[in-house]
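1. sequence unknown, structure follows:
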Ligand SMILES: Nc1ncnc2c1ncn2[C@@H]1O[C@H](COP(=O)(O)OP(=O)(O)OP(=O)(O)O)[C@@H](O)[C@H]1O
């Protein structure tokens, strides 16, 4: 059968483009085709009759080939596409797909082994390059996706932050709008009286600490100026001084104004709102007309002063803040405490460091200085030239008892400047009369 087969094979062998070999059962090469000799630069005389492993000076002694021929093939009659990678001396590295088949004789004994060697080096390299490109591109895409997701997350976080900042700015803007509406004075505190000097001494003494300050005194004496001076000498001076007029807000709004509210906390609360305590975090909160604070809010205020904690209306989450408090009142709070209108514990908490503004009538030596200051300021504003303050005018100013204090003096002087058609100041008010009139009504 071997002879017959070999004859057929030898004739057919040359027509195969794929390298082929025929081995005997001892793995010696009986024949190889032209394609084999060409592909592997081998010669017929060095090939035929040689043990396959000795071929090309032992270059075919390839462990994978051995495994195929000695271990795998005895178990399988035929094997396809068994991949072997090997570097030959002359032709260099090759990737081969081996297809092997055992051919038996009539007695079921192996007579021949047909070994086809497909050189897939080029296509395999191409495939591997492609796989490489695909892998690299996949990694690139995964990284790009991760980067995009990271950037998206950052953008979302930034957007969230912007939303919070925007809200904060809106709150502050709303607050500052109110501030601008209120006339306030950044000029120096005018005066040289001992009473005023003592106040300024106390301001300097306490400004740098975070101690709560209670500013007492009649209306118009300059309590707000004192509060501003404390704030501007304090370590919090770069933050705003946040004001709350406890008398100006309707009682149902004070709580939300102080502590803020969530959207829907009450009818009309169509958006959440930051309270003054939150806005004043790390800054100073000036609570004036504190004597007007409703009793039910006094306990909440006490808690913020003690622990720095409160809850927004409609939210049970506790907010913690660091706020320095300056309170002011023109009421006699001790009397209010006695009458049960002001909580004693709150009064003690607020009255840690009291500063009392003396009324203007008790520091008359400040009147000429204040008069000069205000005449200049008002004349400039109204485009007038007031050069002389007659003695009788100054005497009237000095002798009046000023129940409305500096604010009243400012108003009287404004009316006087308007009333003066020459560089001489003419009072528009009869201070003597208004004094007597007020005294008669018992308002002094
Ligand atoms: N020493 C001062 N020098 C200059 N201006 C002063 C002085 N004291 C008070 N004023 C002015 O008088 C006006 C009233 O002052 P301020 O509002 O501080 O008083 P207040 O005691 O807080 O009054 P109220 O209790 O009625 O709120 C303001 O225009 C303020 O600038």
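-> Structure's in. What do you need? These figures come from a predicted structure and were not determined experimentally. Numbers count the residues shown, from 1 in each chain.

2. count the neighbours of the residue in the chain that the ligand sits nearest to for me.
-> Going by Cβ to the nearest ligand atom, the ligand is nearest to residue 222 of the chain, at 2.6 Å. Quick note: C-beta positions are derived from backbone N, CA and C, even for glycine. Applying other Cβ atoms under 10 Å, we find 25 residues neighbouring residue 222.

3. wait, what's in contact with it?
-> Taking Cβ atoms under 8 Å, 6 or more residues apart in numbering, we find residue 222 in contact with 189, 357, 405-406.

4. what segments of the protein are strands?
-> 20-23, 29-32, 78-88, 92-104, 110-119, 213-216, 241-245, 284-288, 309-311, 318-320, 324-329, 353-356 (DSSP state E).

5. out of those strands, which is the most enclosed?
-> Highest mean neighbour count among the strands of the chain (mean count of other Cβ atoms under 10 Å): strand 324-329, with a mean of 26.

6. how about residues contacting it?
-> The contact list for strand 324-329 (Cβ under 8 Å, 6+ apart) reads 210-217, 223-224, 226-227, 230-231, 234, 236, 283-291, 305, 350.

7. pLDDT score assigned to residue 254?
-> Looking at residue 254, its pLDDT reads 84.

8. burial count for it?
-> Applying other Cβ under 10 Å, I find that residue 254 has 24 neighbouring residues.

9. do the same with the one 5 residues further on
-> Neighbours of residue 259 under the rule other Cβ under 10 Å: 23.

10. equivalent analysis for the one 3 residues further on, please.
-> Taking other Cβ under 10 Å as the criterion, the count of residues near residue 262 is 17.

11. now do the contacts for it.
-> Contacts for residue 262 were tallied using Cβ under 8 Å, 6+ apart; they are 269, 272, 312-315.

12. from residue 259, how far out is the residue nearest to it when sequence neighbours are not counted?
-> The shortest distance from residue 262 to any non-neighbouring residue, by Cβ to Cβ, 6 or more residues apart in numbering, is to residue 314 (3.8 Å). The spacing between residue 314 and residue 259, counted by Cβ to Cβ, to the nearest Å, is 10 Å.

13. can you get me a residue count around residue 368?
-> Residue 368 sits with 14 neighbouring residues when counted by other Cβ under 10 Å.

14. isn't it right next to residue 394, touching?
-> Yes: here residue 368 reaches residue 394: they are 6.6 Å apart, a contact under Cβ atoms under 8 Å.

15. got the phi/psi numbers for residue 308?
-> phi 70, psi 20 (degrees, to the nearest 10).

16. how near is residue 204 to residue 229?
-> 9 Å.
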